[in-house]
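Participant: have a look; sequence and predicted model below, questions after that.
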Amino acid sequence: MHIVLDASGPDAVQASTIGDDVSPPPADRRVLARSELAAFVRAREAEEPRPRWVWSDSRVWYAPLLAAGVRVERCVDLRLCHAILRASSFTAGTALAAAPVGPWDTAVTIEQEAHPDAHTALFELDAPAPGATPSALDEFRQQQEAVAASSDPGRLRLLLAAESAGALIGVELRHAGLPYSAERHDDLLTELFGARPAYGRPAVLEALVAEIRAGLEAPDLNPDSPPDLLRALQRAGIMVTSTRSWELRRIEHPVIAPLLRYKKLSRLLAANGWAWLDSWVRDGRFRPDYVPGGVVTGRWATRGGGALQLPKQVRGAVVADPGWKLVVADAAQLEPRILAGLSGDQAMASAGRGKDLYEGIVASGAVEERAQAKVAMLGAMYGATSGESGRLMPRLARSFPRAVRLVEEAARAGERGEIVTSRLGRSSPPPGGSWRAAQGAASASDSTAADERRARTLARDWGRFTRNFVVQASAAEWALCWMAELRNRLAALAPGAELTDAPHLVYFLHDEVIVHTPEALAAASAEAVVAAAQQAGRLLFGGFPVDFPVTAAVVDSYAEAK
DNA sequence: CACGGGTGCGCG
DNA sequence: AAAGCGCGCACCCGTG
């Protein structure tokens, strides 16, 4: 059963109840005052079977519900599902895919323009004004039609359900927040920089700047300016072509040590210093703005707060509440395992049976050392052409021909300008106009060698993107299934409890999750994490025997895990 | 003064 | 060891 929510006025919501066959008119259709919505949803969630809520955008509809203490089990996030169905090769030729660009394609932009400050907007966002967005019911019907007419309705249904679950989780993560000790963070900063300065650089950084200026005999040097710094280095006889740390690290010169130290410290201060603490941590919680589906591959993005770049250096400030624990879990070698499943490569799957896939590759005899196995796998998935990684490719291809063939074919398709598709049906965007123009110019009768070189470079670049897309996008699908399963299992550990009174997800990082749980349920939460990973593997790859081991550490602080 | 591209570095 | 995928963010600097 579905209940479709539509804004039907500034203060009114229309709720239409429809069955699994979405074509007949709604069995029930009612208009509610917005103030009645939370109670209505709460009541429906208490009945069996629970409905699947169908709405335009989970951030708009779900955040106020959560704020009112109401959780939902399932939804359809029409905006996210629309984006998938528009682009998927599975739905090519359906009415939805063929329709001209419409409001469902631009909804995000409209919201962003109306509410540029997403940080505060989350809880203030209103449902789209009537007329701004066409009927959710109509859109839902068109989406169902597209799925039914697609080449693989089963996989697409799973993808849409997982994507929608992700949308709910994104809102819940923001609502719960990551338990974060501002005090510990402040202690760390104070230890590194001294007391917080009222303005300007902390004394520690100022001293390093003085040391660097003296060492390079450049009294006015601004070490934050790469061109300025590069000139000063070269004047001092240090022949580097950039100011990147890894390049500087190879130079022997007394100025290098303070310079590298300055770079490391100033980076930490700029990205996660006191200013970051002030804007993003409040009441013991870090609340970043997650954007499910924000990356072309279906990975999540973040807007503000930099949640997906939380440096290892500060993870000690992520601490469980008293009487609570963190379950920190990550999927071991997720992407190579995904590749094994995608390609049906039995040899690679068996290399990954048990714990460490890279050790398994060594045991298979393809390479001698774990580090080689890792660099070779990454090279295969990213399209390395040179260096150690490039040299190892033939050996990898000999031992794992199916896996390597799959990524090679994805790369060739991209080079031809074709789209590629993930396990469950997310397709890559086609290359843009300038890409096509460059290919056209290279094959024209009057093309120059430069035209051809440029076209070839662009084609190879795009091939590396599509090569990686099939793996990264499928891994993102696995992660969504993992989290969706986990969310259900955690909810079952404490039926009826409010989100933050029971074990709940507080962090997600591509192949890693953190659960915040009362101590008594920590072991059960850790088991749920592991079981959910196995279920995700079955959802994506059915009976194909590829393992997805996850480590699940029960800890007080994020820094204690691995 | 705002904006956009480039650089560098944090994460997976 | 430092190229090969996907990001976000701070900062610099040139341009309008």
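Facilitator: Done, it's in.
Participant: how about low-confidence regions in the stretch 101-250 of chain A?
Facilitator: The model of the stretch 101-250 of chain A has pLDDT under 70 over residues A:107-133.
Participant: contacting residues around the closest residue to DNA strand C within it?
Facilitator: Of all residues in the stretch 101-250 of chain A, the one sitting closest to DNA strand C is A:Ser225 (3.1 Å; C-beta to the nearest atom of the strand). The C-beta positions use only the backbone N, C-alpha and C, and glycine is treated the same way. By C-beta atoms under 8 Å, 6 or more residues apart in numbering, A:Ser225 lies in contact with nothing.
Participant: phi first, then psi, for it.
Facilitator: Per-residue torsions, A:Ser225: phi -100, psi 110 (degrees, to the nearest 10).
Participant: list the buried residues in stretch A:214-221.
Facilitator: Residues A:Gly215, A:Leu216, A:Ala218, A:Leu221 are the ones in stretch A:214-221 that count as buried (16 or more other C-beta atoms under 10 Å).
Participant: run through who's touching that stretch.
Facilitator: A:209, A:212-213, A:228-229, A:232-233, A:235-236, A:253-255, A:258-259.
Participant: burial measure for the closest residue in space to A:Met1 that isn't next to it in sequence, as a count.
Facilitator: Spatially, and ignoring its direct neighbours in sequence, A:Met1 is nearest to A:Pro51 (4.8 Å; C-beta to C-beta, 6 or more residues apart in numbering). Residues within reach of A:Pro51, counting by other C-beta atoms under 10 Å, total 20.
Participant: thinking again about what came up before, just the buried subset of the contacts of stretch A:214-221, please.
Facilitator: A:Val209, A:Ile212, A:Arg213, A:Leu229, A:Ala232, A:Leu233, A:Val255, A:Pro258, A:Leu259.
Participant: which parts of the stretch 251-400 of chain A are strands?
Facilitator: Here the stretch 251-400 of chain A has its strands, by DSSP state E, counting those that start in this stretch, at A:281-282, A:285-286, A:290-291, A:301-302, A:324-331.
Participant: out of these, nearest to A:Tyr180?
Facilitator: Among those, the nearest to A:Tyr180 by C-beta to C-beta is strand A:285-286 (4.0 Å).
Participant: what does the closest one rub up against?
Facilitator: A:Ala176, A:Gly177, A:Leu178, A:Pro179, A:Tyr180, A:Trp280, A:Gly305, A:Ala307, A:Val318.
Participant: reformat these as JSON lines; add neighbour count and distance to DNA strand B.
Facilitator: Putting these into JSON lines (neighbours: other C-beta atoms under 10 Å; distance: C-beta to the nearest atom of the strand, whole Å) gives the following:
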{"residue": "A:Ala176", "neighbour count": "18", "distance to DNA strand B": "20"}
{"residue": "A:Gly177", "neighbour count": "20", "distance to DNA strand B": "19"}
{"residue": "A:Leu178", "neighbour count": "27", "distance to DNA strand B": "14"}
{"residue": "A:Pro179", "neighbour count": "21", "distance to DNA strand B": "18"}
{"residue": "A:Tyr180", "neighbour count": "24", "distance to DNA strand B": "16"}
{"residue": "A:Trp280", "neighbour count": "22", "distance to DNA strand B": "15"}
{"residue": "A:Gly305", "neighbour count": "21", "distance to DNA strand B": "12"}
{"residue": "A:Ala307", "neighbour count": "22", "distance to DNA strand B": "10"}
{"residue": "A:Val318", "neighbour count": "27", "distance to DNA strand B": "13"}
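Participant: which of those residues lies closest to A:Glu498?
Facilitator: For the contacts of strand A:285-286, the minimum distance to A:Glu498 (C-beta to C-beta) is 10.2 Å, reached by A:Ala176.
Participant: isn't that closest one up against A:Phe508?
Facilitator: No - using C-beta atoms under 8 Å as the test, A:Ala176 is too far from A:Phe508 to be in contact (11.7 Å).
Participant: who in chain A is up against DNA strand B?
Facilitator: A:226, A:230, A:242-246, A:263-264, A:267, A:271, A:308-313, A:330, A:472, A:509-512 (C-beta under 7 Å from any atom of the strand).
Participant: okay, and which of those map to helices?
Facilitator: Here DSSP state H is the test, and the residues of chain A next to DNA strand B give A:Pro226, A:Leu230, A:Ser245, A:Trp246, A:Lys263, A:Lys264, A:Arg267, A:Ala271, A:Gln472 as lying in helices.
Participant: could you report the neighbour count for A:Asp547?
Facilitator: Neighbour tally, A:Asp547, other C-beta under 10 Å: 20.
Participant: my guess is it contacts A:Gly537, does it?
Facilitator: Yes - assessed by C-beta under 8 Å, A:Asp547 is found in contact with A:Gly537 at 7.2 Å.
Participant: within reach of DNA strand C, which of the contacts of strand A:285-286 are there?
Facilitator: Among the contacts of strand A:285-286, DNA strand C is touched by A:Gly305 when using C-beta under 7 Å from any atom of the strand.
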